[in-house]
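Engineer: Sequence below, structure please.
(one chain, ligands or ions: 1)
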Amino acid sequence: MFLQSQLFCYRKMLLAQELYCKTSLTDTLALFGGLMVAICLLKFTWKCWCGLRQFVLSEQWQVDLHAYGQWAVVTGATSGIGRAYATELARRGLDVVLLGRSDNKLRMVAREIKNEYGRRTHTIQVDFTEGGSIYSYIAKELQGLQIGILVNNVGMTCTDHFAYFLETPDAEQKITQIINCNTLSVTQMTRLVLPGMVDRGTGLIINISSEMGVRPHPLVALYSATKIFVTYFSRCLHAEYKSMGITVQCVAPLMVSTNMTHNMQVNCLVKSASGFAYEAVNTVGHSSYTSGCLSHALQSAALSLLLPDWLRMSTFLIRVLKSLPNTKTCRRKASQRKERFTVTKE
Ligand SMILES: NC(=O)c1ccc[n+]([C@@H]2O[C@H](COP(=O)([O-])OP(=O)(O)OC[C@H]3O[C@@H](n4cnc5c(N)ncnc54)[C@H](OP(=O)(O)O)[C@@H]3O)[C@@H](O)[C@H]2O)c1
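Structural biologist: Predicted coordinates:
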């Protein structure tokens, strides 16, 4: 009898223990799940707030760019995004140093800025594909100017369509030119202006990267690699110098209608250069790493979801992209169709 009651008690204890274990496991899992959801919600809310601040509120909360210094230096300032940045900075009251390879174009942009905004300009004619030899000349030209802002914008692509690395025309020369223009220019120009900024304890360096410098993109391998260089260089430099009052902002746009993109039609996905520069300058002080405008930030977020690494790097997608007609061909065909249509009508 005693043994039976002991056994009964023991079985009851076991059952209670099992029940306790089950409940505590369920509770722990529920707690963990709840915590995860809370973290995700917090992250999402933080991202929304950052986006709102960067692209909407920044229009009202514009940073005083004069606080960085009187002069802004822009590389590749004769057309596209560089020209738009130079004009936007002049509109906001800065004097501008314009760097480019064509003296005529430089003088034209300088005249435009002087006439429209009454700002001082200085032009420096250089070809960034030439490599390290040009920087002592640039240093001499910049001497004595209080440079508050540097926009490292100059950049070029290997081809105007998707191509395998070995399809690069004049590869031997082109490889060096692209590396000189897209990466050497960023580091050397930074070396020239950063000491002055550090001495004054303030300064802003804007480096134009690309969405192709956020993730690797096959068929534009060299361009994508140079832009990833710009992205990493900017982010590391910002971490090193922010405590000394220097902001290094990396801007990674998607499509902007410029010569590089064959001046494609502006729409809700493709920004005009001036529209892009206006929004991108607004983000200064609100983010050290940005797509530059709301439309591109949304596209970038969508791309990271819809085009994951495994798909973007797949042979399948590379073949699909390679089979697409390039922009020039499309334009030629469109104009041929238009001509034929006009002749038929006549
Ligand atoms: N457009 C886009 O969709 C897009 C997207 C992402 C990133 N980006 C980046 O944005 C930057 C500007 O691109 P963009 O579209 O404005 O290009 P763009 O219209 O071709 O303008 C490039 C500017 O750089 C100058 N330049 C080119 N090669 C040069 C050299 N070797 N030496 C001196 N100056 C030179 C050009 O001078 P000329 O007037 O004499 O040609 C022009 O002023 C680039 O870094 C590009 O990678 C552009």
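Engineer: So residue 304 belongs to a strand, correct?
Structural biologist: No: using DSSP: H, G, I helix; E, B strand; the rest coil, the assignment for residue 304 is helix, not a strand.
Engineer: Give me the nearest residue to it, chain neighbours excluded.
Structural biologist: Among residues not flanking residue 304 along the chain, residue 215 sits closest, at 7.6 Å (Cβ to Cβ, 6 or more residues apart in numbering). The C-beta positions use only the backbone N, C-alpha and C, and glycine is treated the same way.
Engineer: tell me the mean pLDDT over the longest helix anywhere in the chain?
Structural biologist: The single longest helix within the chain, with elements called by DSSP state H, is helix 2-55. The predicted model gives helix 2-55 an average pLDDT of 80.
Engineer: to the chain's geometric centre, what's the distance from that helix?
Structural biologist: 42 Å (Cα atoms, centre = their mean, to the nearest Å).
Engineer: just stretch 304-316 next, same as before
Structural biologist: 20 Å.
Engineer: what's the answer for stretch 262-277, then?
Structural biologist: Per Cα atoms, centre = their mean, the centroid offset for stretch 262-277 relative to its chain is 15 Å.
Engineer: list the buried ones in that stretch?
Structural biologist: Buried residues in stretch 262-277, counted by 16 or more other Cβ atoms under 10 Å: 264, 270-271, 273-277.
Engineer: any idea of the mean pLDDT for it?
Structural biologist: pLDDT averaged over stretch 262-277 gives 96.
Engineer: Ok, stretch 204-216 next?
Structural biologist: Per-residue scores along stretch 204-216 average to 95.
Engineer: Can you give me the first-to-last residue distance of that stretch?
Structural biologist: 27 Å (Cα to Cα, to the nearest Å).
Engineer: next one: stretch 52-64
Structural biologist: End residues of stretch 52-64 are separated by 20 Å (Cα to Cα).
Engineer: in that stretch, what's buried?
Structural biologist: 54-55, 58, 63.
Engineer: For residue 90, give its distance to residue 61.
Structural biologist: 21 Å (Cβ to Cβ, to the nearest Å).
Engineer: re the thing from before, pretty sure the residue nearest to residue 304 is touching residue 313, no?
Structural biologist: No: under the criterion of Cβ atoms under 8 Å, residue 215 is not in contact with residue 313, lying 9.1 Å apart.
Engineer: Neighbour count: those two, which is higher?
Structural biologist: More crowded of residue 215 and residue 313, by other Cβ atoms under 10 Å: residue 215, with 16 against 13.
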